[in-house]
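Asks: the sequence isn't on hand, but the structure is:
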């Protein structure tokens, strides 16, 4: 076996991992199963902080389980990112579905993805928070290899 097999993951390493992400209740919200492994550079802010920190020190073939608090994940759920809008002001408002994602233009020219979280005949409540904001995330991570 070469020395690379013995090496542990450190900041700056490009690695490939398999993972399963679950909520506290055990339901899966994301997984690399059936897809290519996730490849990223450790410490380069390409993944959430709690995931990034969890892989440091792992060697190829090793696995870990980590619970990521909202602060180290997608941040807290911010109420100021939730807005009620009159339904008729939204293009194609008759096609709106609870849980669907819309792209809205902001005053500064940026765009933001929002989720339809409430729906009535007159109004729509849109949430601009990341869908995983405010949630505790449980990950099982398997370090596969250095990329």
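Replies: Yes, it's here. Values in this document were obtained by computation on a predicted structure and should not be read as measured data.
Asks: identify the bridge partners of residue 112.
Replies: Beta-bridge partners recorded for residue 112 (DSSP bridges): residue 104.
Asks: compute the number of surrounding residues for it.
Replies: Residue 112 is flanked by 12 other residues according to other CB atoms under 10 Å. Any C-beta I mention is one placed from the backbone N, CA and C, and that applies to glycine too.
Asks: OK, contacts around it?
Replies: 103-104, 106, 128 (CB atoms under 8 Å, 6 or more residues apart in numbering).
Asks: pLDDT below threshold where in the chain?
Replies: 1-5 (pLDDT under 70).
Asks: can you map out the helices along it?
Replies: 3-6, 49-55 (DSSP state H).
Asks: mind putting these in a markdown table, distance to residue 140 included?
Replies: Shown next, in a markdown table, are the helices of the chain (distance: least, CB to CB, whole Å):
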| stretch | distance to residue 140 |
| --- | --- |
| helix 3-6 | 22 |
| helix 49-55 | 10 |
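Asks: pull the distance from stretch 35-52 to the chain's centre.
Replies: Centroid displacement of stretch 35-52 relative to its chain, using CA atoms, centre = their mean, to the nearest Å, is 11 Å.
Asks: and for stretch 67-86?
Replies: Put simply, stretch 67-86 sits 12 Å off its chain's centre (CA atoms, centre = their mean).
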